[in-house]
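Q: when you get a sec, could you give me coordinates for this:
(one chain, ligands or ions: 1)
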Amino acid sequence: MTESKSQQFDVLIVGAGIVGATLACALGGLKLRVGLIDARAPGTQNDGDKAEYDLRVSAITRASENIFKSLSAWQGMVERRVSPFRDMRVWDAGGRGEIHFDSAELGEPYLGHTIENSVIITALLDRARSQQNVCLLLNQTIGEIVDGQEAVTLRLAGDVTAVTTLLVGADGARSQLRQHAGIETRGWSYGQQAIVATVQTELPHQETAWQRFLPTGPLAFLPLERGCCSIVWSNNDAKADELMSLAADDFNAALGDALERRLGAVKLISERAAFPLSLAHAESYIGQRLVLAGDAAHTIHPLAGQGANLGLADVADLVEVVAMALEAKKDIGSHNMLRRYERRRKGGNLVMMAAMEGFYRFFGASVAPLPRLRNMGLELMNRATPIKNLIARRAMGI
Ligand SMILES: Cc1cc2nc3c(=O)[nH]c(=O)nc-3n(C[C@H](O)[C@H](O)[C@H](O)COP(=O)(O)OP(=O)(O)OC[C@H]3O[C@@H](n4cnc5c(N)ncnc54)[C@H](O)[C@@H]3O)c2cc1C
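A: Next up is the predicted model:
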């Protein structure tokens, strides 16, 4: 008969994506006993020498960069591979209106960075491994979850149990922990898919993020090193299926046209992958000794590249609330503490979600006179430097 083993934690995080891995590093700094579970082993040993880029990349804001810096994880990303973008150009397929965000105009060295998700996660997990009080439980599935008054117990593979004061669901859009807590989400499917791929462009990308709004959905080119870009091309399901089935040469031609050849001819240098897009917001962010963070609590359209950044803002607030509880010698899993986190996050997240939804609808509308108004609006906004810079600073999180 094998003996069952029990591991005790102050905080157990399920999900070692960008959000869960960041949270583990931050709570490790508070000297708590932290467990980080993932069903997979996320990240790769991406050391930046790898010729191909990973398909999943994120535009990381200055605010998120500061979080990584405060956790001493940023350097590990820089040493692998990060690509700054200094400018951003946004325009509409239905006219000549365009906004140009320029870091020099803002007095900043850059607007943000494009970073492969695997680079972010690998650097964070390296940092977590260096903290003695953080325990990584990768390739681990979770079984039964038993909610108690004083602690939550999770059954793991190999007759191991994990007992924790606070359980965090950072397990993504289809969160098992959210379902376990019976928390419903509100939202809808966009009936769209985002096609992602890495491309080489004929003309230099000028360290600029390019975004064109087409009637079928937005197309973004995010700059990478060696003249490459990562594309995120959102389309309705039928169009996305058609684009996915095109031969590479035909896809290249369609993609180059969709960007109005601003970067000349475009050539695929990776596979293509498509992700169905939906909006979802959890009705509650908390349960009994449980909190949700990141995509487990909210998923948004990737048109402004804010999903991971929002999740990192959740992390910052959650860590502050936990630190306050520790300082006051209070129970870090108590309902009052968790409510404080929820109050801090929910309103701000809703505002961001509403803003993204507004953009999506505004740029998606093709009924006259909206396209003309939209173009006039872009022109006016581009000339109204103080308002434009305010928007840019808000998007950068500074
Ligand atoms: C095409 C596209 C482009 C995007 N671009 C950007 C961008 O430029 N900038 C930006 O900020 N955001 C962007 N986003 C959004 C961003 O990718 C997500 O918001 C972010 O990755 C969510 O991170 P997370 O850690 O919350 O969840 P996830 O990345 O989903 O991680 C969840 C983790 O939990 C693990 N897991 C799940 N279930 C279990 C379980 N039962 N047991 C154990 N482990 C489990 C998974 O293996 C995974 O590792 C984009 C999204 C898409 C679709």
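Q: around the ligand, pick out the residues from this protein.
A: 14-20, 37-40, 42, 58-59, 141-142, 170-172, 176, 194, 196, 232, 275, 294-295, 302, 305-309, 311 (CB under 6 Å from any ligand atom). No exception for glycine: its C-beta is placed from N, CA and C like everyone else's.
Q: tell me the buried residues in the longest helix along the chain?
A: Determined from DSSP state H, the single longest helix within the chain is helix 335-364. For helix 335-364, a neighbour-count test (16 or more other CB atoms under 10 Å) marks 337-338, 340-342, 344-346, 349, 352-353, 356, 359-360, 363-364 as buried.
Q: tell me the helices in the stretch 51-200 of the chain, going along the chain?
A: Using DSSP state H, counting those that start in this stretch, the helices of the stretch 51-200 of the chain run over 62-70, 74-80, 103-106, 117-129, 176-180.
Q: and those as JSON lines, adding mean neighbour count, distance to residue 155 and mean pLDDT?
A: As requested, these are arranged in JSON lines below (neighbours: other CB atoms under 10 Å; distance: least, CB to CB, whole Å; pLDDT from 0 to 100):
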{"stretch": "helix 62-70", "mean neighbour count": "19", "distance to residue 155": "33", "mean pLDDT": "97"}
{"stretch": "helix 74-80", "mean neighbour count": "18", "distance to residue 155": "33", "mean pLDDT": "97"}
{"stretch": "helix 103-106", "mean neighbour count": "15", "distance to residue 155": "50", "mean pLDDT": "91"}
{"stretch": "helix 117-129", "mean neighbour count": "23", "distance to residue 155": "23", "mean pLDDT": "97"}
{"stretch": "helix 176-180", "mean neighbour count": "20", "distance to residue 155": "12", "mean pLDDT": "98"}
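Q: which of those helices sits closest to residue 258?
A: Smallest distance to residue 258 across these (CB to CB): 24.1 Å, for helix 117-129.
Q: the closest one - contacts with which helices or strands?
A: In terms of contacts (3 or more CB pairs under 8 Å, 6 or more residues apart in numbering; DSSP states H and E), helix 117-129 is packed against helix 18-28, strand 57-61, helix 62-70, helix 74-80, strand 134-137.
Q: tabulate those (CSV), appending distance to residue 93.
A: Formatted as CSV, the helices and strands packed on helix 117-129 follow (distance: least, CB to CB, whole Å):
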stretch, distance to residue 93
helix 18-28, 31
strand 57-61, 21
helix 62-70, 29
helix 74-80, 34
strand 134-137, 46
